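A.B. asks: Generate coordinates for the sequence data below:
(chains A and B, ligands or ions: 4)
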Amino acid sequence: MGLFEKLKSLLFGKGDVSEGTQDEKPVASKQEKLVSAKHEAPVTKAKPADMMVEQKPIIQKPKEEKPVADKITVGHVHMSGCTGCLVSLADNYEGLLTILDKYADLVYCLTLADVRHIPEMDVALVEGSVCLNDECSMEEILETREKAKIVVALGGCACYGNTTRFCRGGQQNQPQHEAFLPIGDLIKVDVYIPSCAPTPQQIRNVCLMAYLLLKGTEEQKALAAAYLTPLMRLAGGGADTCGCSHTCACGCDLMTEIINQGLCCGCGSCAAACSVRAITMQYGKPQIERDLCIKCGGCSAQCPRSFFSFDVCGQYESITHLIGEVMKP
Amino acid sequence: MEFLGKYKAVYKAKAGCEDILSKAQDGGIVTAMFAYALEAGIIDGAIVAGPGKEPYKPEPMIATTVEELFAARGTKYSISPNMSLIKEATRSYGLDKVGIVGTPCQIQAVRKAQLYPIGLRDVPDKIALVLGIFCMENFPYQGLYQMVEDHCATKIDNVTKMDIGKGKFSVYTERGINAQIPLKVTHKYEQPGCHVCLDYVANLADVSTGSVGTPDGWSTVFVRSATGEATFNKAVEAGWIVAESMDGVKPGLELVTKLATEKITKNQKYLEHRKHAEHAALKPLRNPYI
Ligand SMILES: Cc1cc2nc3c(=O)[nH]c(=O)nc-3n(C[C@H](O)[C@H](O)[C@H](O)COP(=O)(O)OP(=O)(O)OC[C@H]3O[C@@H](n4cnc5c(N)ncnc54)[C@H](O)[C@@H]3O)c2cc1C
Ligand code: SF4
Ligand code: SF4
Ligand code: SF4
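C.D. replies: Ligands and ions are numbered 1, 2, ... in the order given. Below is the predicted model of the structure:
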């Protein structure tokens, strides 16, 4: 329950969400360092006044028309990613419609919704890493942290850099863009969804659990908290015994964190999870073709010996049933 | 008993047909369940531990026919990473209803995959039947090879069956039992990851089965989930499996409970030890369980 309390304060710490305006100051920000000096100006004031005027009706209108009172608000923030993560979200097909119909309003998504500026929201799904050489990205990642209660790093690039780790600049049409960081190196991140691309089902589960956490019964809240805990730990919350950085991932993690630690059971989940087929099983253990690895973090997160919760997995039958029920159109 | 996991029913059971039993490890429950499920359309195929290129080195295989299931009968006491094919089964093989057999750790991996399909797109809904086999420990192939060739002085190519039971590792050839060594000797060859394992009877499977508890030629079967119950009962009705009550069966659940308790308490102690609390100078090792 201690964990649940922590989550609650994480979610409700800022108090009620008002109809956020551009001028609202971040309250109790843990990003004080970032907020100060150089960033304050661009975030709160640099926006041209006419765009602010234009933006208001666009945001407020859908809010007034909300068919269900207690939906959560979700946004998709596009950093340096390939849109594959967003496509994965959309690949829930009718499931996405059910989610948008019953549980979540998509309040921000450059590709799918006509909203220009990052609004207040419950959950921000951030795709892509942040390019330090792109001022706009730097502003938006800070703004995302300030305006979202829960920041989810969606996919390998946001969590670990993924393919953008290999960038050295020089590419058209922005040859000067060469320094890319996982969002966790710039802001505090609450939940990780690793892998490239993250799967539609994993994104769905996180969205539903976020909904249950905010709007569910006490029992559902506890379940959602238990479910999200390991994904929060991946993001650096809680006491992970893993000594390395939370923003670095590689197939090598299977060696350093699993095999070297005497934990590998030879199940093969890692090999199945790798989307670039960098892993084969040799004599019952993963063999990683390290040059193929794109550093998405999928293999080690999928491994039952990276994290395993008897509490959550022991309830697989009822949780699977619950997901099936709530996803009914 | 908490160490035996939740179950709806427990049986003494075996396959209803001699063809399966002839080369099954115990009661042929795994093969019979999958064969029935395949014929009845409950699964389109199953991931099993097929014969590999080297003798008794299992190779995960997707069986889509009863013949292929038959080829995978029998226990191979070495690691068969069955989960490595879980996505492949739904892609290259295009299966919509996948069966999978595995040791308790592999069944944990299946359930994690269903709830946290981090790198397993479209897999969760396609897992249709999950059979678990009891497991005390497993051996890397090189370790097994050494146990058979060196300790048992038997050419592994000539082995027809291996078995662990009654405190011994037994190796059979065409002439019957060829060599037996006490498990004490085999311990050092165990896979290190087995020493943090907290499950003996595949608590998270739909149905789990093993030899311990029932007479030779029979299996002990725990029916656990709703899916497991429905499939097992239909397999019995259709004659693929013969099931009897565990009441009065010797050594019965008492022995299963004893072994499960021994394994899990021993490994819990080891996990505790890995914290290195007694040595301020040693850093703790990673604990996967949260
Ligand atoms: C490493 C290991 C340790 C075991 N320890 C115990 C024990 O301590 N106590 C106990 O009662 N039972 C144990 N068993 C289970 C037992 O040996 C039989 O596998 C089980 O009773 C099923 O027999 P069956 O006749 O029903 O199956 P069969 O019809 O003979 O089919 C066996 C099935 O198991 C699969 N299989 C074989 N080897 C492996 C493997 N290495 N990994 C994954 N799948 C495999 C095959 O593909 C086949 O589908 C162990 C099994 C293994 C693999
Ligand atoms: S080995 Fe594969 S799954 Fe693992 S981090 Fe590399 S690319 Fe991702
Ligand atoms: S997923 Fe399985 S095989 Fe891969 S490292 Fe983890 S325990 Fe080992
Ligand atoms: S003892 Fe545990 S970890 Fe080892 S093979 Fe058996 S189930 Fe897996």
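
A.B. asks: residue ranges with poor pLDDT in the chain?
C.D. replies: No chain specified, so I'll use chain A. The model of chain A has pLDDT under 70 over residues A:1-69, A:237-244.

A.B. asks: wrong chain, I was asking about chain B
C.D. replies: Ranges of chain B meeting pLDDT under 70: B:1.

A.B. asks: where's the residue positioned nearest the centre of chain B relative to A:Asn133, distance?
C.D. replies: In chain B, the centroid-proximal residue (Cα atoms, centre = their mean) is B:Ile133; its distance is 2.6 Å. Going from B:Ile133 to A:Asn133 by Cβ to Cβ, to the nearest Å gives 55 Å. Every residue, glycine included, has its C-beta placed from N, CA and C.

A.B. asks: if we can go back for a sec, for the residue nearest to the centre of chain B, which residues count as its bridge partners?
C.D. replies: For B:Ile133, the beta-bridge partners under DSSP bridges are B:Thr209.

A.B. asks: Tell me who's in contact with it.
C.D. replies: For B:Ile133, the contact set (Cβ atoms under 8 Å, 6 or more residues apart in numbering or on different chains) comprises B:Val30, B:Thr75, B:Val101, B:Gly102, B:Thr103, B:Ala202, B:Ser208, B:Thr209, B:Gly210.

A.B. asks: List the buried residues of stretch B:243-257.
C.D. replies: B:Ala243, B:Met246, B:Val249, B:Gly252, B:Leu253, B:Val256, B:Thr257 (16 or more other Cβ atoms under 10 Å in any protein chain shown).

A.B. asks: How many neighbouring residues does B:Lys275 have?
C.D. replies: 14 (other Cβ atoms under 10 Å in any protein chain shown).

A.B. asks: where does it fall, helix, sheet strand or coil?
C.D. replies: coil (DSSP: H, G, I helix; E, B strand; the rest coil).

A.B. asks: and the gap between it and B:Gly165?
C.D. replies: 34 Å.

A.B. asks: And for A:Ser137?
C.D. replies: Taken as Cβ to Cβ, the span from A:Ser137 to B:Gly165 is 63 Å.

A.B. asks: so what's the backbone phi/psi at residue 158?
C.D. replies: All of this refers to chain A. Backbone torsions for A:Ala158, taken as degrees, to the nearest 10, come to phi -70, psi -40.

A.B. asks: I figured it hits A:Leu181, correct?
C.D. replies: No. Using Cβ atoms under 8 Å, A:Ala158 makes no contact with A:Leu181, being 10.2 Å away.

A.B. asks: of those two, who's got more company?
C.D. replies: A:Ala158 (33 against 20).

A.B. asks: which residues touch the more buried one?
C.D. replies: Taking Cβ under 8 Å, 6+ apart, we find A:Ala158 in contact with A:Met79, A:Gly81, A:Cys85, A:Val126, A:Glu127, A:Gly128, A:Ser129, A:Pro182, A:Ile183, A:Val189.

A.B. asks: Which residue does the stretch 1-150 of chain A have closest to ligand 3?
C.D. replies: Ligand 3 sits closest to A:Ser88 of the stretch 1-150 of chain A, with a gap of 21.6 Å, by Cβ to the nearest ligand atom.

A.B. asks: my guess is that residue meets A:Ala197, correct?
C.D. replies: Yes. Using Cβ under 8 Å, A:Ser88 is in contact with A:Ala197, at 4.6 Å.

A.B. asks: can you count the residues close to the closest residue to ligand 1 within the stretch 1-150 of chain A?
C.D. replies: Per Cβ to the nearest ligand atom, A:Ser88 is where the stretch 1-150 of chain A lies closest to ligand 1, at 31.3 Å. Neighbour count for A:Ser88, taken as other Cβ under 10 Å: 24.
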